[in-house]
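J.: could you work out the structure for the sequence below:
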Amino acid sequence: MLFNSVEFIFGFVPAVLLGFFLLARFSRAVALGWLTAASLFFYGWWNPAWLPLLLASMAFNFTVGRALASAPQRRWLWLGIGVNLALLTHYKYAGFFHYTLMLALEGGAPAASAPALPDLPLGISFFTFTQIAFLVDVHQRKAADFNPVRYGLFVTYYPHLIAGPILHHREMMPQFERPEIFRFNPAWLAAGITIFVLGLFKKTVLADRFAGLAHNTFTAAAAGDQPIGFFEAWGAALSYTLQLYFDFSGYSDMAIGLALMIGMQLPLNFHSPYKARSITEFWHRWHMTLSRFLRDYLYIPLGGNRRGPLRRYTNLMLTMLLGGLWHGAGWTFVAWGALHGALLVLHGLWRSAVVLLPVVTRPGLLHRAGARAFSLAGWLLTFFAVVVGWVIFRAADLPAALAILHGMAGLNGAQLPEQIISFVPVLGHVAQGVGKVPLLSDGTVMGAVELALMLALGLALVTLCPAMHELRPRTRTWLLLPCAALAFQQVLYGRASEFLYFQF
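T.: The predicted structure is shown next:
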């Protein structure tokens, strides 16, 4: 059941809210049990066969957590983490590791991703990481609530179960004890609906449109039957960059809105990441709960920055490699993690060694101009690096990623629709390429104009406009009606598409 489907919006959510508030009049525990049962139904809608796995995972981690609370011995913690990682490895990475081992034994190069398992348990990365965080928090005496109903709801609560955010126990469990969430609040409901609809607009109107603009070029790169020109490559790269942002931030907004309908507060997951002026700032703004998890439960336990620069940068690279692999079982994800690890290391070295030019350090106008120039340069470099990384992330395999990157570098020439060249002949000297069919449009002037306008709109939204949580309530209200009209048109008359992070 997708957040952007008719049955979810007009069936599941109203039934869940109505049942919750009616049952809360008689028993808060029963109302929480209703939310847990509804969340399990939501998960089982995809494939009921995976419900026993989710329930077994919850039962195991709850039992280990109680054992840790009564006897905080590290062996319980290592047992819990080990079983969780073994479960994740079996279902998500076994095929990839086997594939890589066979290639190594045969002397080949692992250019492509391992064949995906036909039916990966939905959300396994998210509910596994959430429960690992719970065990660590129990061991560190940061979590002590072992009510089975509240724990079950903490893990399965439907707004975050499938694609996050990755939660801390202390963020959610105390909220389930707040008496005000059991009383219907029209203001919370209205605010939640508004945020949900604006997130739905991001997904159905923006993300899905950019998906169509990027698809043909990445498909052609995977097939390898024709070179990718300059305009096609950059169009596809920027389209996917915007698709991924609107898709995942849209999901996160919808999750926040769904929780807010009963007064629950989910953590923020995005803070205008494409405004970042350094790769470090980007990771403070992008998928913030994953960044926090990697920092708190991987980077710091490895030693963080406490054991000298060499160890710090080694830990940083290892953290990003594993973060890349968390997203998927394939060499493209490993390469993407390695790229971001290298960029973070380079940025750390830069911050340690840079000596600003004298013009920047002088007071007055020159200082302000120099600071603005450095800020703009930092943003351009960061955004360029992020776009290159997303090409690797999106591509079917490493050769396909290289095909797109070759096109972005202009090594395959460039091409524009013939109508544009005939209208502005001088462009014929610029757009001379080896490709025969424009991949990002229908080969017409209108197709090229649509692409340019969509990219301009998308880039303006993510770099110039405030983030969802920065909008004033009145601004959200003004946006609600037009966004709802466009979004619900897609919901009612289009086909509900899966969210990208459902795959990770």
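
J.: tell me where the stretch 1-150 of the chain has helices.
T.: Using DSSP state H, counting those that start in this stretch, the helices of the stretch 1-150 of the chain run over 6-7, 13-24, 28-44, 51-70, 74-88, 94-106, 124-139, 148-156.

J.: what does the fifth one contact?
T.: Applying C-beta atoms under 8 Å, 6 or more residues apart in numbering, the contact partners of helix 74-88 are 53, 57, 60-61, 64-65, 67-68, 124-125, 128, 131-132, 135-136, 139. C-betas here are computed from N, CA, C, even on glycine.

J.: also the shortest one?
T.: The contact list for helix 6-7, computed with C-beta under 8 Å, 6+ apart, reads 1, 491-492, 496.

J.: okay, these in TSV with pLDDT next?
T.: Compiled in TSV, those are given as follows (pLDDT from 0 to 100):
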residue	pLDDT
Met1	81
Val491	90
Leu492	88
Ala496	75
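
J.: Gly407: which of those residues is nearest?
T.: Within these, proximity to Gly407 (C-beta to C-beta) peaks at Ala496, which comes in at 32.0 Å.

J.: the closest one: how many residues sit nearby?
T.: Taking other C-beta atoms under 10 Å as the criterion, the count of residues near Ala496 is 18.

J.: mind starting the numbering at 656 from now?
T.: Done: numbering now begins at 656, and the last item shifts to Ala1151.

J.: what's the distance between the residue lying closest to it once chain neighbours are set aside and Leu777?
T.: Take Ala1151 and drop its neighbours on the chain: the residue closest to it by C-beta to C-beta, 6 or more residues apart in numbering is Ser660, 4.2 Å away. Distance check for Ser660 against Leu777: by C-beta to C-beta, to the nearest Å, it reads 15 Å.

J.: ok, now Thr744?
T.: When C-beta to C-beta is the yardstick, Thr744 and Leu777 sit 17 Å from each other.

J.: neighbour count for those two, which is higher?
T.: With neighbours defined as other C-beta under 10 Å, Thr744 and Leu777 compare such that Leu777 has more, 21 against 13.

J.: right, and that one touches Thr811 too?
T.: No. Checked against C-beta atoms under 8 Å, the pair Leu777 and Thr811 is beyond contact range at 11.9 Å.

J.: find the residues that touch each one of those two.
T.: Common contacts of Leu777 and Thr811, defined by C-beta under 8 Å, 6+ apart, comprise Tyr698.

J.: for stretch 779-791, what does the pLDDT average out to?
T.: In this model, stretch 779-791 carries a mean pLDDT of 89.

J.: show residues contacting it.
T.: Contact with stretch 779-791 is made by 709, 712-713, 716, 719-720, 723, 732, 735-736, 739-740, 742-743, 746-747, 798, 809-811, 815-819, 821-824, 948, 951-952, 981, 1159, as judged by C-beta under 8 Å, 6+ apart.

J.: how about 7 Å then?
T.: Counting by C-beta atoms under 7 Å, 6 or more residues apart in numbering, the neighbours of stretch 779-791 from elsewhere in the structure are 709, 712, 716, 719-720, 723, 732, 735-736, 739, 742-743, 746-747, 798, 810, 816-819, 821-824, 948, 952, 981, 1159.

J.: could you grab the helix/strand/coil label for the closest residue to Leu953 other than its chain neighbours?
T.: Leaving aside its sequence neighbours, Leu953 sits nearest to Thr974 (C-beta to C-beta, 6+ apart; 5.1 Å). What DSSP: H, G, I helix; E, B strand; the rest coil gives for Thr974 is helix.

J.: just checking, what packs against the host helix or strand of Gly1033?
T.: Assigned by DSSP states H and E, Gly1033 belongs to helix 1020-1049. On a contact count with 3 or more C-beta pairs under 7 Å, 6 or more residues apart in numbering; DSSP states H and E, helix 1020-1049 meets helix 885-915, helix 934-940, helix 986-1008, helix 1013-1016, helix 1053-1063.
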